[in-house]
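Peer 1: I need the structure of the sequence given here:
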Amino acid sequence: MYWTGALANYTAFAPHAWLVKTVFLPYIFLLQPAIYLTEIFFTVALPLGLATRLASLLAVLFTVQLWIGPYNDPTEWPWTYIAIIVAHAMFIAAEAGRSLGLDHLLRKHPPAFVARHWALQRAFDLAA
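Peer 2: The predicted structure is shown next:
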């Protein structure tokens, strides 16, 4: 609660402060499990190379929000968040996971339900 409140106090943009004050703080009890599960998704998906591009895209968006939030905090160094954003963006650009990850195995032998539907196949190709 304290750190989420700090996002509203030190944010770089007023709309972000409004979002934190009106959505994040009042509904923090709902957001905490979602944020925790999102971080677990990053922790599992990226090392395994599973849905690497999707996980990296979500990690970029997640970190951009963290970068904007404490941007004006005198105890934070914003370049840390820039480094994390660039690292995750490189996973997207380099199509990481398609050579040694599970994405490689799943692209060679897609699950039957994915192979039958063109829309699922397209979404799978974009995520992996």
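Peer 1: Going by C-alpha atoms from here, please, whenever you check contacts or count neighbours.
Peer 2: Noted.
Peer 1: the residue most distant from the middle of this protein, which is it?
Peer 2: residue 116 (28.7 Å; CA atoms, centre = their mean).
Peer 1: Helix or strand with the lowest mean pLDDT in the protein?
Peer 2: helix 112-116 (a mean of 78; mean pLDDT, DSSP states H and E).
Peer 1: what does the next helix-or-strand element following it contact?
Peer 2: Sequence order places helix 118-127 as the next helix or strand after helix 112-116, per DSSP states H and E. By CA atoms under 8 Å, 6 or more residues apart in numbering, the residues outside helix 118-127 that reach it are 51, 52, 53, 54, 55, 107, 114, 115.
Peer 1: Would you check which pair of the residues you listed lies furthest apart?
Peer 2: Pairwise distances across the contacts of helix 118-127 peak at 21.7 Å for 55 and 115 (criterion: CA to CA).
Peer 1: which residues are in contact with the least confident helix or strand of the chain?
Peer 2: So helix 112-116 is contacted by 120, 121, 124 (CA under 8 Å, 6+ apart).
Peer 1: swap in stretch 83-96?
Peer 2: 49, 52, 53, 56, 57, 59, 60, 63, 64, 128.
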